[in-house]
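Colleague: pasted the sequence and its predicted model underneath.
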Amino acid sequence: MAPWINASHNPNIWLVLSMSIAGLFSIGTSVPPFTYSQEDIFRKAGYRSKAIQRIFAGAGISKRHMCVEPSDTVQTDPQWFSNHYCKWAILLGAQAARQALEQAGLEGPEIDYLVATSCTGYLCPGISQRLAKELGLSPRAKTANLVGMGCNAAVPALERAKEFAEQHPGQIALVVCVEISSAAYWIDDQDLESAVGTAIFSDGAAAAIVQASDENQLFSIGKPVFILEKFETYSNRESIGKMGFYNEQGRLKILLSKDIPDDVLPLIKTVIEGLLKEHRLTFPDIHHWIIHPGGRKILEYLDQELHLGNRLQASRNVLSQFGNMSSATVLFVAKEQIQSRLSERLPKQEKDADYGVVMAMGPGLTVERGLDTVH
């Protein structure tokens, strides 16, 4: 989980910072042009099992986007999957990045560092170098790839961008998270584990612009939407073999144990309660909850156990309208929070500070957490 601070309520926040601090300035998103209902994908994948049909129907998803044209079917040839991933990862990643750049009033050559995440395919040179070419980055721009981290990868990517930005005040970092889950679908009418993956995971990309300022150099690209500060990670590696991908017959096959909800949900609660205790806060003190919607059960658990109510609405909306896009998803939730201005509808707090929490969970099992404030 990483920290996010909403700075929208204070138009002067970027003028009064007294130390090096990183701000997030824009979020761009992209999905393929082909939209499907759960029933559409169930049929397109060729499933016939009633049990799998119930999994699709109960996923809490109204529609998803998939990089497969309506006239095509999901393939089984490993070479098709490899080509499919390469084509669409660069296309969607570049679209999300251009949107984030445009919102921040930037162009590709102004980016000094690009870090990309993905777990649904493999490329060498990696996505970051290919996107750098597509976006026209300078030959001196630095790039990095976080490969295989899964749904939580956006958070360490933002942490890498924050570290770079704070070490190079005024320079600009770009984070791109892109997942082509349809390049890792495994269709087997007898395999409920892989069917769950096909039922919830979808295609999409998200990007974010990060810059740091210090007392001698103000932010040069305007007002940050969020301030990034403290990042923390917690992993339960006893469950390392219960979630992820492995290679079978020349392509990726999802590993998604039925034990995952029982393992990860109590861990989430423990991590959040530990964060609040550490900072002497209570749940009502947190204005913004940006939670990766790993699935319907996770959101229901958080609502029941932590009584978050409408504070999870952005996560619910993203799951319903887009499905689980792995690493890109939490940035979709952040964008939804910004657009809905949910925080303005929450009761005003007596504290001087505005608190925010973002959380993403993924293979490991790993939960990323954080907290930040604006006074």
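Modeller: Nice, thanks for sending it over.
Colleague: how close does the closest residue to Ser37 other than its chain neighbours get to Ile41?
Modeller: Nearest residue to Ser37 in three dimensions, chain neighbours excluded: Lys63, at 5.6 Å (C-beta to C-beta, 6 or more residues apart in numbering). The C-beta positions use only the backbone N, C-alpha and C, and glycine is treated the same way. Computed as C-beta to C-beta, to the nearest Å, the Lys63 to Ile41 distance reads 10 Å.
Colleague: these two: which has the busier surroundings?
Modeller: Ile41 (23 against 15; other C-beta atoms under 10 Å).
Colleague: just checking, the more buried one touches Ala57?
Modeller: No. When contacts are counted by C-beta atoms under 8 Å, Ile41 is not listed as touching Ala57 (11.5 Å).
Colleague: which residues in this protein form helices?
Modeller: Using DSSP state H, the helices of the chain run over 38-44, 50-57, 78-103, 127-135, 154-167, 192-200, 260-278, 296-306, 313-322, 329-340.
Colleague: need the least confident one among these, by mean pLDDT.
Modeller: Across the helices of the chain, the stretch with the lowest average pLDDT is helix 260-278; it has a mean of 80.
Colleague: packing partners for that helix?
Modeller: Contact analysis of helix 260-278 by 3 or more C-beta pairs under 8 Å, 6 or more residues apart in numbering; DSSP states H and E lists strand 232-235, helix 296-306, strand 354-362, strand 366-369 as its packing neighbours.
Colleague: list the buried residues in it.
Modeller: Of the residues in helix 260-278, those with enough neighbours to count as buried (16 or more other C-beta atoms under 10 Å) are 260, 264-265, 267-268, 271-272, 275-276.
Colleague: TSV for those residues, including distance to Pro139?
Modeller: Supplementary listing: these in TSV, determined by distance: C-beta to C-beta, whole Å:
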residue	distance to Pro139
Ile260	43
Val264	42
Leu265	47
Leu267	43
Ile268	43
Val271	41
Ile272	44
Leu275	41
Leu276	46
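Colleague: from the residues you listed, which is closest to His307?
Modeller: His307 has its nearest neighbour among the buried residues of helix 260-278 in Ile272, at 12.0 Å by C-beta to C-beta.
Colleague: need the contact list for the closest one.
Modeller: Residues in contact with Ile272 (C-beta atoms under 8 Å, 6 or more residues apart in numbering) are 306, 357, 359, 369.
Colleague: what about 7 Å?
Modeller: Counting by C-beta atoms under 7 Å, 6 or more residues apart in numbering, Ile272 touches Leu306.
Colleague: make residue 1 into 544 and carry on from there
Modeller: Noted, 544 is the first residue going forward, which turns the last one into Ile815.
Colleague: any idea how far Leu680 is from Ala716?
Modeller: If you measure Leu680 against Ala716 using C-beta to C-beta, the figure is 12 Å.
Colleague: which one of those two has more residues nearby?
Modeller: Comparing Leu680 with Ala716 by neighbour count (other C-beta under 10 Å), the higher total belongs to Ala716, at 27 against 24.
Colleague: burial measure for the closest residue to the more buried one other than its chain neighbours, as a count.
Modeller: The shortest distance from Ala716 to any residue other than its chain neighbours is 3.8 Å, reached at Ala704 (C-beta to C-beta, 6+ apart). The burial count assigned to Ala704 is 26, neighbours taken as other C-beta under 10 Å.
Colleague: Ala704: what's it in contact with?
Modeller: Counting by C-beta under 7 Å, 6+ apart, Ala704 has contacts 656, 658, 716, 718, 753.
Colleague: just those now: which is nearest Ile783?
Modeller: Val658 (23.9 Å).
Colleague: that closest one against Leu701, yeah?
Modeller: No. Distance between Val658 and Leu701: 8.6 Å, which falls outside the contact criterion (C-beta atoms under 7 Å).
Colleague: intersection of neighbour lists for those two?
Modeller: Contacts common to Val658 and Leu701, judged by C-beta under 7 Å, 6+ apart, are Val718.
Colleague: neighbour count for those two, which is higher?
Modeller: Shown here are Val658 and Leu701; by other C-beta under 10 Å, Leu701 has more neighbours (31 against 25).
Colleague: isn't that one right next to Phe769, touching?
Modeller: No. With contact defined as C-beta under 7 Å, Leu701 and Phe769 do not form a contacting pair (9.7 Å).
Colleague: overlap in contacts, those two.
Modeller: Applying C-beta under 7 Å, 6+ apart, one finds that no residue jointly contacts Leu701 and Phe769.
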